[in-house]
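> Build me a model:
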Amino acid sequence: MSVETMSADALKDMSRVPLGERLAWTPAQAAQVYSLDYKGVLLAIRNKDLDTFPAVTRYGLSSTKRMVTRDAMDRWIRSMEE
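This is a model prediction of the structure:
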């Protein structure tokens with residue numbers, strides 16, 4: 001499975017809230033919203049430069065899917081500018 005296929009699958013969701021107005025995204029969605037390279041976002045997560053949290057399922061349990069908040073993305077981008 002290529003990165004393009006994986007990120008295209010990750011971007012599919014059933015939410016009615018537009019991507020730009022959400023408070024949290026998957027790493028692929030965050031890369032799309034901020035016009036960043038998906039591999040770069042994953043590298044920042046692996047290096048612990050970008051904070052993530054586990055998504056919560058509809059049953060209130062932690063999921064294996066990681067999410068990135070708007071605040072975390074803004075902090076990471078500000079730290080790269082310095």
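
> mind listing the helices for this protein?
Secondary structure of the chain (DSSP state H): helices at 3-11, 27-33, 38-46, 70-81.

> How about the backbone phi and psi for residue 15?
phi -70, psi 140 (degrees, to the nearest 10).

> wait, residue 77 sits on residue 34?
Yes. Using Cβ atoms under 8 Å as the test, residue 77 is close enough to residue 34 to be in contact (7.0 Å). Any C-beta I mention is one placed from the backbone N, CA and C, and that applies to glycine too.

> who's more crowded, these two?
It is residue 34, of residue 77 and residue 34, that has more neighbours when counted by other Cβ atoms under 10 Å, with 16 against 12.

> what's the single longest strand in the protein?
Identified as the longest strand of the chain according to DSSP state E is strand 62-69.

> can you pull the buried residues of that strand?
By neighbour count on 16 or more other Cβ atoms under 10 Å, the buried set for strand 62-69 is 67-69.

> what's next to that strand, contact-wise?
Defining contact as Cβ atoms under 8 Å, 6 or more residues apart in numbering, one finds that strand 62-69 is touched by 23-27, 30, 41, 45, 50-57.

> quick one: that strand to helix 70-81, angle?
50 degrees (axes from the mean of the first three to the mean of the last three Cα atoms, to 10 degrees).

> quick revisit: selecting buried members of the contacts of strand 62-69 in PyMOL, what would you type?
Selection of buried members from these for PyMOL, criterion 16+ other Cβ under 10 Å:
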select buried, resi 24+25+26+27+30+41+45+50+52
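
> Mind checking which of the contacts of strand 62-69 are in strands?
Those of the contacts of strand 62-69 lying in strands (DSSP E): 24-25, 53-56.

> Quick check: which ranges of this structure have low pLDDT?
Scanning the chain with the threshold set as pLDDT under 70 gives 1-13.

> what residue is smack in the middle of it?
By Cα atoms, centre = their mean, the chain has its centre lying nearest to residue 27, at 2.3 Å.
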